[in-house]
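[1] Next input, structure requested:
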Amino acid sequence: MSKKPESKSAAAVSESRAKNSVFDFLYHDSRRIASFLAQLDELGHLQQITQSNQASEGEGESTKTTGNLGFPGVAGGKLEKGVEASSSHTETSQRVYDPFWANAIRFLDLLTERGMIQRNIEAARIGQFTLATGALVISDNAMLRAIWDHPSVGGFLKAQELAKAAAAEEAAEPQLVNRQQRRTEHSKGKRSGKNEPQAISESDLALAMLPHMPHAGQMHVVTDDFAVWASAADGAMVAPMPELILKHGQKVAGQWSILGILDALPFEQGEMLTPLEQVRVGMTMESVSSIALNMAPFIRQALGRPLLSYGVTPLLVFREVSG
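    Numbers count the residues shown, from 1 in each chain. Have a look, this model is predicted:
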């Protein structure tokens, strides 16, 4: 059986093994990686590897004896004696390999060979492959869905809102030192029936909205200089987030690398719609979709990417494990 020359990817894997080092993948978006491999590899996306071996053995034996028979007064005759024997044996074996994890290694190798990975995220542009290494922090927001209706959550949010309002009032009106006097005036206003219509509070609005918002699992890779935020796609986590939280809490031990596509920059003003863009996407009083569009910044701030973090579409999250 002919043996194909070893590819660069296989050579890289062999080199890692020689160093007693392998990659431990925590996150693997195989579907998206397959779409890139189909473009980077001229043969497309590898789905199965089959190896076949065949061995044959054969042996044979043939013996033949020839002679003349003659007796006095009897016509002569011819004697032939032969023995023939042969045997053959064939063995065939077949092995089928799943290239699921080999494709992840191959993808890393192809991007490295072509110089397509920007390893300095601060110099990367939107739409580039980038790789960052640091501490891994995870949060499973799906666990919050079941608790939004609990009375203690509403009390906690209302207490935060009151504390925030009190701090703002104290900062805005430093000349009013006598807080008791203000409380007295406020109570008199209530008794005199001069109550004004009150808008819905932020805490009530949050409790009404949050249960219906997306609650994706989130990952943060944090360094001394920057932080990278990413949401986890369904089925891409190798180890379920609840198990990781049970073991580690917030911060997963060790140094982890995230390979992804840079999508958002910290303090990016371009994320906000200009007045012309608001008109073009239908953010008018008559458009019902304007409600969802106006809610989007609040959703991001409440459950999404922090303002100071880079945003990436994650492809791989891994660490190096040595013997």
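[2] Which pLDDT value belongs to the residue lying closest to His248 once chain neighbours are set aside?
    Closest residue to His248 apart from its sequence neighbours, by C-beta to C-beta, 6 or more residues apart in numbering: Ile138 at 7.9 Å. Any C-beta I mention is one placed from the backbone N, CA and C, and that applies to glycine too. pLDDT recorded at Ile138 is 93.
[3] what's the helix or strand for Ile138?
    Per DSSP states H and E: Ile138 is located in strand 129-140.
[4] Output that strand as CSV, nothing but the C-alphas.
    What follows is strand 129-140, C-alpha atoms only, in CSV (Å, rounded to 0.1, in the frame of the first residue of the first chain):
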residue,chain,number,x,y,z
PHE,A,129,-9.0,36.3,12.7
THR,A,130,-7.4,37.1,16.0
LEU,A,131,-6.0,35.1,18.9
ALA,A,132,-5.8,36.2,22.5
THR,A,133,-4.5,34.4,25.6
GLY,A,134,-5.3,35.1,29.2
ALA,A,135,-7.6,34.2,32.1
LEU,A,136,-10.9,32.6,31.2
VAL,A,137,-14.1,33.9,32.9
ILE,A,138,-17.5,32.3,32.1
SER,A,139,-21.1,33.2,33.0
ASP,A,140,-24.1,31.0,32.2
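[5] re the thing from before, shouldn't the residue nearest to His248 be in contact with Met219?
    Yes: counting by C-beta atoms under 8 Å, Ile138 does reach Met219; the two are 5.5 Å apart.
[6] thinking again about what came up before, next helix or strand past the strand holding Ile138?
    Strand 129-140 is succeeded, C-terminally, by helix 151-172 (DSSP H and E).
[7] Does anything pack onto that following helix? Which helices or strands?
    Helix 151-172 sits against helix 202-209, with contacts defined as 3 or more C-beta pairs under 8 Å, 6 or more residues apart in numbering; DSSP states H and E.
[8] Quick check: mean pLDDT of the helix it packs on?
    Throughout helix 202-209, pLDDT has a mean value of 65.
[9] quick one on the thing from earlier: quick one: strands adjacent to the strand holding Ile138?
    As defined by DSSP bridges, the strand partners of strand 129-140 come to strand 117-118 (parallel), strand 217-222 (antiparallel), strand 251-264 (antiparallel).
[10] mind listing the strands for the stretch 201-323 of the chain?
    Ranges of strands within the stretch 201-323 of the chain are 217-222, 227-231, 251-264, 310-322, based on DSSP state E, counting those that start in this stretch.
[11] In the third one, which residues are buried?
    Which is strand 251-264. 252, 256-262, 264 (16 or more other C-beta atoms under 10 Å).
[12] and the angle from that strand to strand 227-231?
    Using axes from the mean of the first three to the mean of the last three C-alpha atoms, to 10 degrees, the inter-axis angle of strand 251-264 relative to strand 227-231 is 80 degrees.
[13] between strand 251-264 and strand 310-322, what angle do the directions make?
    Using the same axes, to 10 degrees, strand 251-264 lies at 140 degrees relative to strand 310-322.
[14] Residues contacting strand 251-264, please?
    Identification of contacts with strand 251-264 by C-beta atoms under 8 Å, 6 or more residues apart in numbering yields 26-27, 108, 111, 117-118, 121, 124-138, 219, 221, 228, 230, 244, 271, 305, 310-319.
[15] same thing but at 6 Å, please
    Here strand 251-264 makes contact (C-beta atoms under 6 Å, 6 or more residues apart in numbering) with 124, 126, 128, 130-133, 135-137, 221, 244, 311-319.
[16] Only alpha carbons, please: show it as PDB.
    C-alpha atoms of strand 251-264 as PDB (Å, rounded to 0.1, in the frame of the first residue of the first chain):
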ATOM      1  CA  LYS A 251     -12.700  32.000  36.700                       C
ATOM      2  CA  VAL A 252     -11.500  28.800  35.000                       C
ATOM      3  CA  ALA A 253      -8.000  27.800  36.200                       C
ATOM      4  CA  GLY A 254      -5.100  28.100  33.800                       C
ATOM      5  CA  GLN A 255      -4.300  30.200  30.700                       C
ATOM      6  CA  TRP A 256      -6.700  29.900  27.800                       C
ATOM      7  CA  SER A 257      -6.500  31.000  24.200                       C
ATOM      8  CA  ILE A 258      -9.500  32.100  22.100                       C
ATOM      9  CA  LEU A 259      -9.400  32.100  18.300                       C
ATOM     10  CA  GLY A 260     -12.200  34.100  16.700                       C
ATOM     11  CA  ILE A 261     -13.200  36.800  14.300                       C
ATOM     12  CA  LEU A 262     -13.000  40.400  15.700                       C
ATOM     13  CA  ASP A 263     -16.500  42.000  15.500                       C
ATOM     14  CA  ALA A 264     -16.500  44.900  18.000                       C
END
